[in-house]
Structures are given as structure tokens and as C-alpha cells.
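1. any chance you can model this:
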Amino acid sequence: MSQILDYIEANKQRFLDELFELLRIPSVSADPQYKDAVFKTADAVKAALVKAGADKVEVCPTAGYPIVYGEKIIDAKLPTVLVYGHYDVQPADPLELWTSGPFEPVIKDGNIYARGSCDDKGQMYMHVKAFEYMMQTNSLPCNVKFMIEGEEEVGSNNLGIFVANNKERLKANVILISDTGIIANDIPSICVGLRGLTYLEVEVTGPNRDLHSGLYGGAVPNPINILCEMIAKLKDDNKHITIPGFYDDVEVISTEERAEMAKAPFSVDEYKKALDLKDIVGEEGYTTNERNSIRPTLDVNGIWGGYQGEGAKTVIASKAYAKISMRLVPYQKSDKTFEQFKAYFESIAPPSVKVKVTPHHGGEAAVTPTNTIAYKAAHKAMETTFGKKPIPVRSGGSIPIVSMFKAELGLDTVLLGFGLDSDAIHSPNEHYGVFNYFKGIETIPYFYQYYAEMSK
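-> Numbering: from 1, shown residues only. This is a model prediction of the structure:
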């Protein structure tokens, strides 16, 4: 199928230009001021699917942002691949740390810099272009359905409802997602596990108004101080999470499996250098790669309160806030973890303050099987285009809908991602390699070919 390389070469600039048009639309689902842009992006995805050759393409309304659906059924007797992706992106803040505009895509050093370039517009659009190629060359070997949502970055709250109400329309044999990564451009890998997530916000209230820190300092509770003290109590000196019962349901990984994971190439020195760190930290008894994949975590994602403007304002704030996430591993449940956190956080609050814990969103961990036809097809596709066998790895990230798809549709997922850990997703200067973008477009048609052949 060197034909795919010829097709990419002939259309390379167009493929980049079309992706850039998508990246210019600030589809930030978390911020209501971008509402119109999110809807505009849904329309753009619909237009791209129609142009590529999909049928029954529709922007399906939800209680939030719409889901774009399209399909191409060439023979009901053939297997069907359901492609999932998302067109919404994270907020671009802090804007001052970007070296170029977050919604003004540019190519520098072989990378496409823009918010959403890797997560997930660039990776989602690979599927549209791979589909276009198969349609243009009459080489689509099985049926395909597309489901591209606009709320992944805010918890996919309406996706489950859509799936539950459209089970017949979404019937398929496997789900294909590109929202993960590879170890390196010369070390292909396939993600076979994802952590779950519990995301919440805490509010600590002291006095009924901001107070003069001279007149009241030392005599009244300071919510910011107290919040920091409470957060400090969430882990012990070994970086072990102290919430009672938190580890009760954690999956125990065998020594043999940990040994297999350790075979993945990794340099602590290069890791520290890439992040400009003098040292790394984490849960005692586990390696860096284990800490960020098979172990649960607790992190403060944001903390604020009091005066934050220019200059000085000597106040004791009435309130302090923090956003906290916990990454979960198999057998932990997001709802149970939230309740465990809430009970413990309230228990360690001094009587001088009031505490409120509010859930935002969550999802369950997932482990995808490696003995299925679909996984074997993905493995062979990557081996074909990279020239070496991909390594199965577990990711520290979360795609909660993977476990939801299994529960609602009974389908396993193949996580065929092409991003890199260094792509700065969710951070300023997010980027996606031009190599990776085109390598995805090259590899995806091989997946379809091998999947169809192995399914006979």
C-alpha cells in the first residue's frame, strides 16, 4: 500500500491547511465565552466528513455541545469500526507563556504549534484524511462510523446519554481512538491501559468577609493557610495518599508484569532534563513509569484566594479554593473515591472554618485486551509503517468514555495514538509533530486492511 504514501505526498499541504483551519477555531468547551466557536467547530467537522465521503453526517444536539456523527456502510456483512474523537480543546491559559498564538497555528522545528494540535484535533483529523484516502482509492475494506464529540475536556457529560439513546445506530465491532501517544518516533507503542479520574473542587470559608490582616491577623482563622495545611495532610512523607480506604480497591500488578513494563526504554536523566528538574518525586517503592501509569495519584490542579492583583493588599481572605484531581487505577471507582475524599477532607478541617467539597467529573480506569483481532490488526499496522513491533504500554491519562463504551455498547477499544509525552498537551505551546500527523494518516488504512482480513 505504498499508494497511501503517494497520496499523502500529493496532498500534504492541503492536509496541513485543513487542519490549520480547524485549529484556528477556539473550541474551548470549559469557557462559555467560546460557545459559538465550539458550535462552529462541530459544523467544520461535519463539512470535513461530508467532503471525505461519509454518509448520514449529522450534528447531533445534546444538552451541551453537539456530537458529530457520520458513517459509511459498504456491506452490512462486513465488520464495522466506530471511530471516536473530540473537537473541543483545553483553555489556552496562561496566554503569556505561548511563544505564538494558541489559535494561530505555525510549524516550528517540525511541529505544529497550536491548542488542540495533538489533543485531539490533529489526531482526530488523521482519521478523516485516512478515510478520505480509502474512499478516493476505493480501498475501504469494512464499514466505518464516526462519533466526534465536543465535551471531552469537560467530562463528556452528555456522551453517555447519546450512546444510551443511539445503541442501534452505534452498533459496531470495535472502537478506534487516537487520543494517546507513542514512546518515541522511532519506538512505536500502543496504549493498553488508562487511569480513571475523580475531579473536584474544595472551598474553605472562614470569616464572613475579607479582613484587615493587621487588625485581625493572629486572632481569626485564615482560610488560605488552613487550606494549605489540609492539602498537606493528604499525603505522608512517602508520598502515600492518606485518605482512609483509598487503596482498598487498587489493582495489584504482578512482579512479572512490572518487569515487562520496565523493558520500555526510559532515562531518568533525560526525563529530568526535559522538564528542567533537579530531582523527581513520587510514591515510595515505585519507578517513575509505574508512578505515572499503574499507581493512583492526587494532585492540586489550581489553588486561589485573597488578593491577586498588582501591588499589595493586606487582607485575610474570607474564602480559599482548590481544584483537585485523583487519577485512579483498575477496580477503583470514581464515585466511591469522591466520597472517601469528601469524608476525610471534612474530618481534618478545624472547627474554625466551613468546608464544601463539590464534584466536577470523573470516570473509570480501563485496560484494553491485547488478544483481540482488532489489537493484533493495530499491532501489525504499526509494525508495517514504523518497521518495528510496537510495545504495549499503560498510560497515566484518562479517557473515561473507554469504560463507558464497554459498559453501554459491549465494545473493546483500540487506542491507536501518535502523540508524544513532550507535546505539552493541556499546557502552553502544545504541539504535534508533522511526522506524527502524517504517520497516523499512513497507519490507519493499514489497520482497516488488516482488521478486515483477520475478521474473515
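
2. go through stretch 339-355 and flag the buried ones.
-> 340-342, 344-345, 348-349, 353, 355 (16 or more other C-beta atoms under 10 Å). (Each C-beta comes from the backbone N, C-alpha and C, glycine too.)

3. just the residues contacting that stretch, thanks.
-> Stretch 339-355 has contacts (C-beta atoms under 8 Å, 6 or more residues apart in numbering) with 198, 200, 202-206, 220-221, 223, 226, 230, 233-234, 242-246, 324, 326, 357.

4. got a PyMOL select line for the buried ones in the residues you listed?
-> Only the buried entries of the contacts of stretch 339-355 go into this PyMOL selection, using 16+ other C-beta under 10 Å:
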select buried, resi 198+200+202+203+204+205+206+221+223+226+230+234+243+246+324+326+357
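
5. now, which of the contacts of stretch 339-355 lie within helices?
-> Counting by DSSP state H, these place 223, 226, 230 in helices.

6. and those as a markdown table, adding pLDDT and distance to residue 404?
-> Below are the ones in helices among the contacts of stretch 339-355 laid out as a markdown table (pLDDT from 0 to 100; distance: C-beta to C-beta, whole Å):
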| residue | pLDDT | distance to residue 404 |
| --- | --- | --- |
| 223 | 98 | 37 |
| 226 | 98 | 37 |
| 230 | 98 | 32 |
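
7. distance to residue 42 for those residues - can I get that in a markdown table?
-> Formatted as a markdown table, the ones in helices among the contacts of stretch 339-355 follow (distance: C-beta to C-beta, whole Å):
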| residue | distance to residue 42 |
| --- | --- |
| 223 | 41 |
| 226 | 44 |
| 230 | 41 |
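
8. closest one of those residues to residue 431?
-> residue 230 (36.9 Å; C-beta to C-beta).

9. how much space between the closest one and residue 293?
-> Distance of residue 230 to residue 293, computed by C-beta to C-beta, to the nearest Å: 28 Å.

10. ditto for residue 164
-> Applying C-beta to C-beta to residue 164 and residue 293 gives a distance of 30 Å.

11. likewise residue 137?
-> 38 Å.

12. tell me which of these two has more neighbours.
-> A count of neighbours by other C-beta atoms under 10 Å puts residue 293 above the other of residue 137 and residue 293, at 23 against 14.

13. got a list of what that one touches?
-> Applying C-beta under 8 Å, 6+ apart, the residues near residue 293 are 193, 195, 261, 393-396.

14. pLDDT at residue 155, what is it?
-> We note a pLDDT of 87 for residue 155 in this prediction.

15. now swap in the one 4 residues further on and tell me
-> For residue 159, the model assigns a pLDDT of 97.

16. touching, it and residue 67? I think so.
-> Yes. Using C-beta atoms under 8 Å, residue 159 makes contact with residue 67 at a distance of 6.9 Å.

17. intersection of neighbour lists for these two?
-> By C-beta under 8 Å, 6+ apart, the residues touching both residue 159 and residue 67 are residue 149.

18. more neighbours: those two, which one.
-> Between residue 159 and residue 67, residue 67 has the larger neighbour count (other C-beta under 10 Å), namely 27 against 24.

19. in this protein, what secondary structure element scores lowest on mean pLDDT?
-> When each helix and strand of the chain is scored by mean pLDDT, DSSP states H and E, helix 255-261 comes last, with a mean of 87.
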